[in-house]
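Undergrad: pasting the sequence and the predicted coordinates here, then a few questions.
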Amino acid sequence: MTYPILDVNMETIRSNARIIMELCGEHGIEPAAVIKGFNAMPRIMDVIVGEGYKCLASSRIPHLRAIREAGYPVLTMGLRIPMRSEAEDVVRYCDISLESELETINLLNGEAERRKVVHKIILMRDLGDLREGIIESERFVDTACLVEKNLPNIELLGVGSNLSCYGSVRPTAKNLSVLAGDAVEIERLIGRRLDVVSGGASTSIPLLVRGEMPRGINHLRVGGALMHRVEIFGLRDDELPGLSDDTFILRAEIIEIGEKPTYPIGELAVDCFGNAGSYEDRGLRRRALLAVGAFDIASFEKISPLDSGARILGCSSDHMIVDIHDSDRLYRLGGTMEFRLRYQSMLWATANGMIEKNYRAS
């Protein structure tokens, strides 16, 4: 057995997926399951598809290609606005893609015509988070109408928006009502209903829980919520009971243990990543050095020890330093420590082939 090891709690993932699916169903929402965060691990996708998710989504073409090649009975959705250079693969491997650039949509139309298929798109509206999407309402509506009228190999499946990913703008009834209103105007002008009005991602779930989702929103793209309750920002402890963070537990081995000063000795410059460190002098403290680092989990700030008496001090690319002075547990050289992962650390750890994956039934 070689550490670090990532324990994957399959039953917890199954339970989370079921809770989110039932919540969406109660409010007339069709959820697409975002598989990017756990790097399209097949055993997890098996669980999610088994819970009734009919669309799997990722920003990465290799993930979507893997879904197609595995023969999952689902639709595939590309989440990142396509690069011109990947237009052929988008049409080949994505049933649906999110779009904002008319020039790119024209390119996809040509590729779809060449392949004798119709490619579905969701036109994205920027509601203020300032990542992808058309920010002007008039241009957004006009673009939708142009796609509907002029591009025979593109189907305008619907419209959508993204919030909380760049600008940290919280989804609210107010900003999502703008999207719903634009959808109504597009429907009036094209003379038909849109199949999809996609109101964001996991961060929109509190609106469902509280009955505040604007009328007309019928779709969400959920990933973080399937894996971690903590990713649903603003959700109170008494809301959505049963949803768990214990889906991925990282176990790392202690390679050095003992007391050391808490303030570096010597003239300070920068750390291995070029950052100026910040240190608190707390005297001599007992600490453990672990064989895991930023190479494995990106940022030590995105994981947390299961031991409430332990505190992560920092990490380099291959080492993590944990203060265990106040812990009630007896740690020894060669022993292990366990950590819960947040979304960013899950992204790194699941992608790292040097981390052994241990699938647990419970």
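TA: Structure's in. What do you need?

Undergrad: show the contacting residues for the nearest residue to residue 100 once chain neighbours are set aside.
TA: Nearest non-adjacent residue to residue 100, counting by C-beta to C-beta, 6 or more residues apart in numbering: residue 124, 4.7 Å away. Every residue, glycine included, has its C-beta placed from N, CA and C. The contact partners of residue 124, by C-beta atoms under 8 Å, 6 or more residues apart in numbering, come to 81, 98, 99, 100, 132, 133, 134, 159, 160, 161, 162.

Undergrad: farthest pair in the residues you listed?
TA: Within the contacts of residue 124, 81 and 159 form the most distant pair, 14.2 Å apart (C-beta to C-beta).

Undergrad: quick one, which of those two is more surrounded?
TA: Using other C-beta atoms under 10 Å as the criterion, residue 81 and residue 159 rank with residue 159 on top: 27 against 16.

Undergrad: average pLDDT for stretch 11-28, rounded please.
TA: The average pLDDT within stretch 11-28 is 98.

Undergrad: check the offset of it from the chain's centre.
TA: 16 Å (C-alpha atoms, centre = their mean, to the nearest Å).

Undergrad: and for stretch 346-357?
TA: Distance, centroid of stretch 346-357 to centroid of chain: 15 Å (C-alpha atoms, centre = their mean).

Undergrad: if we go by neighbour counts, what in it is buried?
TA: Of the residues in stretch 346-357, 346, 347, 348, 349, 350, 352, 355 count as buried by neighbour count, 16 or more other C-beta atoms under 10 Å.

Undergrad: separation between the first one and residue 249?
TA: Residue 346 sits at a distance of 11 Å from residue 249 (criterion: C-beta to C-beta, to the nearest Å).

Undergrad: give me the phi and psi angles of residue 219.
TA: phi -150, psi 140 (degrees, to the nearest 10).

Undergrad: burial count for it?
TA: Neighbours of residue 219 (other C-beta under 10 Å): 22.

Undergrad: over to residue 271?
TA: For residue 271, the count of nearby residues is 13 (other C-beta under 10 Å).

Undergrad: nearest spatial neighbour of it, skipping sequence neighbours?
TA: If the residues on either side of it in the chain are set aside, residue 271 comes closest to residue 277, at 5.3 Å by C-beta to C-beta, 6+ apart.

Undergrad: the one you found against residue 262, yeah?
TA: No. Contact criterion C-beta atoms under 8 Å: residue 277 and residue 262 do not qualify, at 11.9 Å.

Undergrad: okay, those two: which has more neighbours?
TA: residue 262 (16 against 11).

Undergrad: for the more buried one, give me its contacts.
TA: 279, 280, 281, 282, 283, 284, 285, 313, 323.

Undergrad: tell me which residues of the helix or strand harbouring residue 158 are tucked away?
TA: Using DSSP states H and E, the element containing residue 158 is strand 154-161. Across strand 154-161, burial judged by 16+ other C-beta under 10 Å covers 154, 155, 156, 157, 158, 159, 160, 161.

Undergrad: let me see the domain layout of the chain.
TA: Listed by automatic domain parsing, the domain ranges of the chain are 10-231, 248-360.

Undergrad: turn these into CSV, columns for distance to residue 242.
TA: Output for the domains of the chain, formatted as CSV (distance: least, C-beta to C-beta, whole Å):
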stretch, distance to residue 242
domain 10-231, 5
domain 248-360, 17
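
Undergrad: wait, which of these is closest to residue 240?
TA: Closest of the domains of the chain to residue 240 is domain 10-231, at 5.7 Å (criterion: C-beta to C-beta).

Undergrad: residue contacts, the residue nearest to residue 300 when sequence neighbours are not counted?
TA: Distance criterion C-beta to C-beta, 6+ apart; nearest residue to residue 300, sequence neighbours excluded, is residue 315 at 4.4 Å. Going by C-beta under 8 Å, 6+ apart, residue 315 touches 292, 293, 294, 297, 300, 321.

Undergrad: out of those, who has the most neighbours?
TA: Greatest neighbour count in those, by other C-beta under 10 Å, goes to residue 297: 28 neighbours.

Undergrad: now it: closest residue in space, sequence neighbours ignored.
TA: Closest residue in space to residue 297, ignoring its immediate chain neighbours: residue 345 at 4.2 Å, by C-beta to C-beta, 6+ apart.

Undergrad: show the contacting residues for the one you found.
TA: With C-beta under 8 Å, 6+ apart, residue 345 has these contacts: 250, 297, 298, 299, 302, 303.

Undergrad: restricted to helices, list those.
TA: Secondary structure from DSSP state H places residue 297 of the contacts of residue 345 in helices.

Undergrad: emit the ChimeraX select command for whichever of the contacts of residue 345 are buried.
TA: To isolate the buried members of the contacts of residue 345 in ChimeraX, using 16+ other C-beta under 10 Å:
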select :250,297,298,302,303
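
Undergrad: for the contacts of residue 345, work out which two are farthest apart.
TA: Farthest-apart pair in these is 250 and 299; separation 13.0 Å (C-beta to C-beta).

Undergrad: element containing residue 345, please.
TA: helix 343-351.

Undergrad: what of residue 139?
TA: Per DSSP H and E, residue 139 falls inside helix 137-150.

Undergrad: distance of the nearest residue to residue 41 once chain neighbours are set aside relative to residue 56?
TA: Nearest non-adjacent residue to residue 41, counting by C-beta to C-beta, 6+ apart: residue 350, 6.1 Å away. Per C-beta to C-beta, residue 350 is found 15 Å from residue 56.
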